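# coords please:
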Amino acid sequence: MKKGKIHLFFKNSALNFNENFKKDIHIKNSNLELNWSKNKAETIFIESKKGWLHDKNISIKPQFYISFKKGVPDKLKINTKVSLKDISKIKSYLPKKLISKTLYNFLSTRITKGEVKDGTVHYDGYIKDFPFKVPNEGLEVKLPIHNSNLIFEPKWPELMDLDLLLKFKNNGMYISTKNAIFCNEEPTHLSASINKLSIDGNLDVQFGFKEKAQKLISCLSKTPLHDKIGMVFEKLQPKGVLKGDFALNFPLKNFDTHAKGTIYFENNVFEPASLKNYFIMKLK
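As a prediction, this is how the structure comes out:
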């Protein structure tokens, strides 16, 4: 067994993954420690457990393992930490050729602020398939984004002050939140997912609420649901607390919204606008 160690120092360099990415990632400075070995079967192993890559917006602590053997596809394992000072610049790090143009624009423009600390990139597969080749099960990216804003659809109010987890698993994307502000109120829960990153995929959003009726009516008036359920509430004018769940679906090819949900009325007084002079009813 032959083995050795290499230290690599770079300044003002570029990191090129492959042609799937929009452009090279500029690296202001870096320090990598590589261990290499070669066994009797003529397999070469390169491993990195120490090191860092820095630029003004991105910090990477790369840990990877590569094996080369003649006649066998080169294998790659990655377990890397990533931090981004400004998530709105994420488009520079997206595999543009592997996702639909619509989704690329969505990820590039809809997360308008936020910072990633200790995000992770895991990959186990062939180098030629990186970052993923469906149905390869090799890639998982987790990006915890703090103090972020998200526009999941331009006609809907912006979600603000989010602490969210953006997760990519091969050809899918998932969003979960610990807290969020929607129409100046905090939903009881909020999550979203994209089943396929390609043009035939769908963005599904689920969120719940428990809010005073008048605040919810005001919120719905700012959404495309105003002409449907929002108008019904305006006519009934409930006085009390509303609780329920919404499920929204946005096809990536056109973002034509489909919405459904359930609303529960708790100790509400209804004052229908057209019947105000006749009666007031209480619904338990």
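# which residues does Cys191 bridge with?
Cys isn't right for residue 191; it's Ser. Ser176, Gln206 (DSSP bridges).
# please renumber so the chain begins at 8
All set: I'll call the first residue 8, so the last point we hit is now Ser198.
# how many neighbouring residues does it have?
Around Ser198 there are 16 other residues, counting by other CB atoms under 10 Å. Every residue, glycine included, has its C-beta placed from N, CA and C.
# thought it was touching Ala187?
No - Ser198 lies out of contact with Ala187 (CB atoms under 8 Å); the separation is 10.2 Å.
# so which residue is dead centre in this structure?
Residue closest to the average C-alpha location in the chain (CA atoms, centre = their mean): Leu173, at 3.3 Å.
# hey, where'd the helices end up in the chain?
108-116, 220-227, 236-243 (DSSP state H).
# follow-up on the earlier one: what is in contact with Ser198 and Ala187 at once?
Here Ser198 and Ala187 share no contacting residue, scored by CB atoms under 8 Å, 6 or more residues apart in numbering.
# any idea how far Asn275 is from Asn191?
As judged by CB to CB, to the nearest Å, Asn275 and Asn191 stand 21 Å apart.
# swap that for Ser225, please
Taken as CB to CB, the span from Ser225 to Asn191 is 9 Å.
# close enough to count as contact, the residue nearest to the centre of the chain and Gly179?
No - applying CB under 8 Å, one finds Leu173 not in contact with Gly179, separated by 11.8 Å.
# quick one, which of Ser225 and Asn191 is more surrounded?
Ser225 (16 against 10).
# what sits closest to that one if chain neighbours are left out?
Cys190 (7.0 Å; CB to CB, 6 or more residues apart in numbering).
# neighbours of the residue lying closest to the residue nearest to the centre of the chain once chain neighbours are set aside, how many?
Nearest residue to Leu173 in three dimensions, chain neighbours excluded: Leu150, at 4.4 Å (CB to CB, 6+ apart). Number of residues near Leu150 (other CB under 10 Å) recorded here: 23.
# can you check Pro161 too?
Quick note: Pro161 (other CB under 10 Å) scores 9 neighbours.
# likewise for the one 3 residues further on?
In terms of burial, Pro164 registers 15 neighbours under the definition other CB under 10 Å.
# so it touches Cys226, yeah?
Yes - look at Pro164 against Cys226 with CB under 8 Å: they come within range, at 7.2 Å.
# shared neighbours, these two?
Joint contacts of Pro164 and Cys226 (CB under 8 Å, 6+ apart) are Phe189, Cys190.
# circling back: okay, the residue nearest to Leu173 and Ser115: tell me how far apart.
Plainly put, Leu150 is 14 Å away from Ser115 if you go by CB to CB.
# beta-bridge partners for the residue nearest to the centre of the chain, please?
Beta-bridge partners for Leu173, by DSSP bridges, are Leu150, Ile182.
# quick revisit: measure the residue nearest to Ser225 to Lys92 for me?
29 Å.
# comparing these two, which residue is more hemmed in?
Cys190 (21 against 14).
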